[in-house]
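>>> Have a look; sequence and predicted model below, questions after that.
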Amino acid sequence: MKFFKLLFFLIPGFTLIQCSTPQAQSQILKPHAFLKAIASESDLLIVDVRSPQEYQEGHLESAVNNDWNGPAFKAKANAWNRNASVFVYCLSGGRSASAAEYLRSLHFKNVVELQGGLMAWRAADLPEQGIIKKNGITVSGFYEGLKSMRDSVLVDFYADWCKPCQQMKPGLEQIQKQHASQITIWRIDADAHSELCRELKVDALPVLQLYVKGIKTWEHRGFMDASELRNAIHLN
């Protein structure tokens, strides 16, 4: 009898724990949904967690800059109102995911991440403020360069801060060396050529694209080791 009484008290407690779990789940929204959510909030903070230099080259309206990799991030974050909804973003989503996890550990009421970061935002052609045009590769120049190549071209869109990009670099260099007669590898810095990435709808990193006579025949998003890549693009 005592066992059943104990079970009676334990079950409601267990149910409460189970019901509270979804509230702790991450809220990650695609660009249009992210913009709509911002418009629906009255008490909010939009935080750009990229470097100050990146922020100055274009950011979301009303966003404040707090560099996730900077020494002052945690001190600044601890001073924010925990009852406000905090919308965080970076270039492709990696840094903002880490920042959002930290903010949730501080018990902020609502933390929302921009899925795909500014790359996805730009690919969706949504508005930015303070954009500084860079002298990067133009779309026409990109395709003209591809058409001028006799062999196949593997384009690697990367960024220096992107860990999977850096992990993939040695394998790409190895492939270029071993298969120089079959393929040319172009590595394009997404930070330096943001307009090109926007035009080509490159909204994540790393991205690999294979072009044959100027026509895209294959694409892959995310890390891929050298062996997998050779098989995917049929290198002997």
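Here it is on my side, so go on. For clarity, every value in this text was computed on a predicted model and none was experimentally measured.
>>> domain assignment for this structure?
Residue ranges for each domain of the chain read 23-123, 139-232, as given by automatic domain parsing.
>>> Is it possible to get a markdown table of those domains that adds distance to Gly130?
Heads up, the C-betas are built off the backbone N, CA and C, glycines and all. Supplementary listing: those in a markdown table, determined by distance: least, Cβ to Cβ, whole Å:
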| stretch | distance to Gly130 |
| --- | --- |
| domain 23-123 | 6 |
| domain 139-232 | 13 |
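>>> could the ones you listed go into TSV alongside mean neighbour count and mean pLDDT?
Converted to TSV, those look like this (neighbours: other Cβ atoms under 10 Å; pLDDT from 0 to 100):
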stretch	mean neighbour count	mean pLDDT
domain 23-123	18	92
domain 139-232	16	90
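>>> which SS class is the most centrally placed residue in the chain?
Taking Cα atoms, centre = their mean, the centroid of the chain lies closest to Ser92, which sits 1.8 Å from it. Reducing the assignment at Ser92 to three states with DSSP: H, G, I helix; E, B strand; the rest coil gives coil.
>>> Relative to Gln129, which of the domains of the chain is closest?
Smallest distance to Gln129 across those (Cβ to Cβ): 5.2 Å, for domain 23-123.
>>> still on that earlier bit, the residue nearest to the centre of the chain and Asp189, how far apart?
Using Cβ to Cβ, to the nearest Å, Ser92 is found at 13 Å from Asp189.
>>> what do these two both touch?
Among the neighbours of Ser92, those also in contact with Asp189 (Cβ atoms under 8 Å, 6 or more residues apart in numbering) are Ala159.
>>> got the contact list for the residue nearest to the residue nearest to the centre of the chain when sequence neighbours are not counted?
The spatially closest residue to Ser92, leaving aside those adjacent along the chain, is Gly117, at 4.4 Å (Cβ to Cβ, 6 or more residues apart in numbering). Taking Cβ under 8 Å, 6+ apart as the contact definition, Gly117 lies against Tyr89, Cys90, Leu91, Ser92, Gly93, Gly94, Ser96.
>>> In JSON lines, list the residues you listed along with distance to Trp80.
JSON lines is the format used below for the contacts of Gly117 (distance: Cβ to Cβ, whole Å):
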{"residue": "Tyr89", "distance to Trp80": "16"}
{"residue": "Cys90", "distance to Trp80": "17"}
{"residue": "Leu91", "distance to Trp80": "22"}
{"residue": "Ser92", "distance to Trp80": "24"}
{"residue": "Gly93", "distance to Trp80": "21"}
{"residue": "Gly94", "distance to Trp80": "21"}
{"residue": "Ser96", "distance to Trp80": "15"}
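>>> in this structure, which spans are helices?
In order along the chain, the chain carries the following helices (DSSP state H): 2-20, 31-40, 52-56, 73-78, 94-105, 117-123, 139-147, 163-178, 194-199, 226-232.
>>> Val212 is nearest to which of the ones you listed?
Closest approach to Val212 among the helices of the chain is made by helix 139-147 (9.2 Å; Cβ to Cβ).
>>> any idea how far the closest one is from the chain center?
Helix 139-147 has its C-alpha centroid displaced from the chain centroid by 26 Å (Cα atoms, centre = their mean, to the nearest Å).
>>> From the contact counts, what lies against it?
helix 194-199 (3 or more Cβ pairs under 8 Å, 6 or more residues apart in numbering; DSSP states H and E).
>>> so what does the helix it packs on touch, helix or strand wise?
Where contact means 3+ Cβ pairs under 8 Å, 6+ apart, helix 194-199 is packed against helix 117-123, helix 139-147.
>>> can I get the ones you listed in CSV with distance to Leu196?
Formatted as CSV, the helices and strands packed on helix 194-199 follow (distance: least, Cβ to Cβ, whole Å):
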stretch, distance to Leu196
helix 117-123, 11
helix 139-147, 6
